[in-house]
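Trainee: quick one: sequence plus predicted model below, questions after.
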Amino acid sequence: MQAETTVEAPEVTFADLGLSQKVLSAVHDAGYVNPTPIQAGAIPHALQGKDVLGIAQTGTGKTAAFVLPMITRLEKGRARARMPRTLILEPTRELAAQVEENFVKYGKNHRLNIALLIGGVSFDEQEKKLERGADVLIATPGRLLDHFERGKLLLTGVDILVIDEADRMLDMGFIPDIERIAKLIPFTRQTLFFSATMPPEITKLTEQFLQAPVRIEVSKAASTGVNIVQRLVKSKSKGWDKRETLRKLIRAEEDELKNAIIFCNRKVDVSELFRSLVKHDFDAGALHGDMDQRARMAMLAAFREGKLKLLVASDVAARGLDIPDVSHVFNFDVPIHAEDYVHRIGRTGRAGRSGKSFTIVTRSDGKYLDAIEKLIGKEIEWMDGDLSTVAQDDAEEEAPRRGRGKGRERGRASSGERKPRGEKRARRDEAEEAVAEPIQVAEEAPAEDKQARREAIKADNAERKAKPEQPRQREDDNRRDRGGRNNNWRREDDEPSPIGFGDDMPAFMKIPARV
DNA sequence: AAAAAAC
């Protein structure tokens, strides 16, 4: 009896949460009425000034859960020069920019000074904004500390600190930076802390940073959405074979494919695949962390606006980026970490829509695939049979590598079937795709649509120019890289550095002797 | 077998 009266529990609206009228009006204009669970849970507490520990994935409305109460709370008071009132830390530049967009959208009835401090762009404008006094400071850790060390910034006036995507910060080695930054902010601040998962290191961090936090956990979609069709596609392991497999796949999906993200594990492969796709007349763009920041932004914008159909990306795009309505996700490589699979395919099938994901699998991907299936708790269906048929061919192709001798490097073997495998990639690859050559952008390409793509190609070419045939990273590099961020030690490879002088080599000795 | 983040 009693239950019947509460079956239709009244739905919570934004108006019930205690947000200010100005904020509510902006939310209304954006077309939202009902908050998501994380919003409904976090906003009232955040408005009361309590610390919040939000455990939520991206796509749960987490950003608005801190942006809306922050704007409301910022209505009282004013910013002073170089003393931002709030600070939001984000792991990647794109995420930081996205949070800024949220402040612009929901703060349209306020006069907020927003400063975005991210790397890859000039200091000047950022400094000006700091100088003017920022209500909201959104930053990636490196650039923030850089400004701080230059004395452009005081964190003693920060009332609200937001740490977003904490587990990802951990993965990226940012925790020491985060600790350092947090120590610069008064103890009396309010802290809003968000993480998708809670590994022990993160729990420790919350104990350190948060005071009597309200904990809000929303159902972690550790399993993959039911509205995403997932398929595995076998392929031989050569780059060329995988690219052909992908092209066939894209063409086969043509009717349903509205737009797609194609994930590669490595930046070089993003670059190479992007060039190959453009070469094959696909409407593709690229996104990875070594690209020029302007090109990154332009790419993302073009993709969001539907001016680009395919976005080839590294895992920089796997999490958090708000790209609504992607119809397909292709994994050109099986992700090495199983969680990345979940994040990647989570780019499609959002907000109840349906989506499709295809993962190209080669015979060496077995253990990663196992880990993925274990994580999501089910087996993924193969599209055209599993790897059993591919395995044989691939094994044969790799066989000559073992018997490689000097004399057999050149020319095709008379039997014609097998190419000797040199240091570089197969010759057939380069001949057919010419991926190693900088691409000339056709003059007649419609300017507006192709702008972003052109920028990326330019950036990509510039990148090649800047480090010509850079030798493969030394093992040494990798070892040091793993520890975290400081890669400062990396010296310019072309700088001659004679034995005996080290860095103190007299200047005149650096001048090459004329013969 | 990786990616990301400061000059």
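Mentor: That came through fine.

Trainee: geometric centre of chain A: which residue is closest?
Mentor: residue A:316 (1.9 Å; Cα atoms, centre = their mean).

Trainee: how about that residue, nearest residue that isn't a chain neighbour?
Mentor: Leaving aside its sequence neighbours, residue A:316 sits nearest to residue A:289 (Cβ to Cβ, 6 or more residues apart in numbering; 5.2 Å). Yep, even glycine has a C-beta here, placed from its N, CA and C like the rest.

Trainee: residue A:362 versus that neighbour, what's the distance?
Mentor: 25 Å (Cβ to Cβ, to the nearest Å).

Trainee: and these two? which has more neighbours close in?
Mentor: residue A:362 (20 against 15; other Cβ atoms under 10 Å).

Trainee: how about that one, nearest residue that isn't a chain neighbour?
Mentor: Leaving out its chain neighbours, the residue that sits closest to residue A:362 by Cβ to Cβ, 6+ apart is residue A:237, at 3.8 Å.

Trainee: in what helix or strand does that neighbour lie?
Mentor: For residue A:237, there is no helix or strand it lies in under DSSP states H and E.

Trainee: phi first, then psi, for it.
Mentor: Backbone geometry at residue A:237, expressed as degrees, to the nearest 10, gives phi -90, psi -10.

Trainee: wait, it sits on residue A:364?
Mentor: Yes - assessed by Cβ atoms under 8 Å, residue A:237 is found in contact with residue A:364 at 6.0 Å.

Trainee: the more surrounded of these two?
Mentor: residue A:237 (17 against 12).

Trainee: tell me what residue A:232 is bridged to.
Mentor: residue A:359, residue A:382 (DSSP bridges).

Trainee: returning to that earlier point: and the pLDDT for the residue nearest to residue A:316?
Mentor: What the model reports for residue A:289 is a pLDDT of 92.

Trainee: ditto for residue A:196
Mentor: Residue A:196 carries a pLDDT score of 86 in this model.

Trainee: what about the residue nearest to it when sequence neighbours are not counted, distance to residue A:69?
Mentor: Spatial nearest neighbour of residue A:196, chain neighbours left out: residue A:57 (4.7 Å); criterion: Cβ to Cβ, 6+ apart. Separation of residue A:57 from residue A:69 (Cβ to Cβ) stands at 20 Å.

Trainee: residue A:365 now?
Mentor: Taken as Cβ to Cβ, the span from residue A:365 to residue A:69 is 44 Å.

Trainee: more neighbours: those two, which one.
Mentor: Higher neighbour count among residue A:365 and residue A:69: residue A:69, with 28 against 22, using other Cβ under 10 Å.

Trainee: tell me which residues touch that one, please.
Mentor: By Cβ atoms under 8 Å, 6 or more residues apart in numbering, the residues touching residue A:69 are A:19, A:42-43, A:46-47.

Trainee: so which bits of the helix or strand in which it is found are buried?
Mentor: Assigned by DSSP H and E, residue A:69 falls within helix A:62-74. Of all the residues in helix A:62-74, those buried under the rule 16 or more other Cβ atoms under 10 Å are A:62-74.

Trainee: pLDDT check: weakest of these?
Mentor: residue A:62 (91).

Trainee: quick one: residues contacting it.
Mentor: A:38, A:54, A:56, A:164, A:194.

Trainee: same thing but 7 Å
Mentor: Residues in contact with residue A:62, defined by Cβ atoms under 7 Å, 6 or more residues apart in numbering, are A:38, A:54, A:56, A:194.

Trainee: so among these, where is pLDDT lowest?
Mentor: residue A:56 (86).

Trainee: from residue A:164, how far out is that residue?
Mentor: 10 Å.

Trainee: shaky segments in the stretch 1-150 of chain A?
Mentor: A:1-10 (pLDDT under 70).

Trainee: quick check: residues of it near DNA strand B?
Mentor: Contacts of the stretch 1-150 of chain A with DNA strand B, taken as Cβ under 7 Å from any atom of the strand, map to A:91-94, A:118-121, A:140-146, A:149.

Trainee: what about burial for those residues, which qualify?
Mentor: A:91-94, A:118, A:121, A:140-146.

Trainee: just the buried residues of the contacts of residue A:62.
Mentor: For the contacts of residue A:62, a burial check counting by 16+ other Cβ under 10 Å picks out A:38, A:54, A:56, A:194.

Trainee: just the ones of these in strands?
Mentor: A:54, A:194 (DSSP state E).

Trainee: tell me which of the buried ones among the contacts of residue A:62 is nearest to DNA strand B?
Mentor: residue A:194 (17.1 Å; Cβ to the nearest atom of the strand).

Trainee: tell me where the stretch 201-350 of chain A has strands.
Mentor: With DSSP state E, counting those that start in this stretch as the criterion, the stretch 201-350 of chain A has strands at A:214-217, A:228-234, A:260-263, A:284-287, A:310-313, A:328-331.
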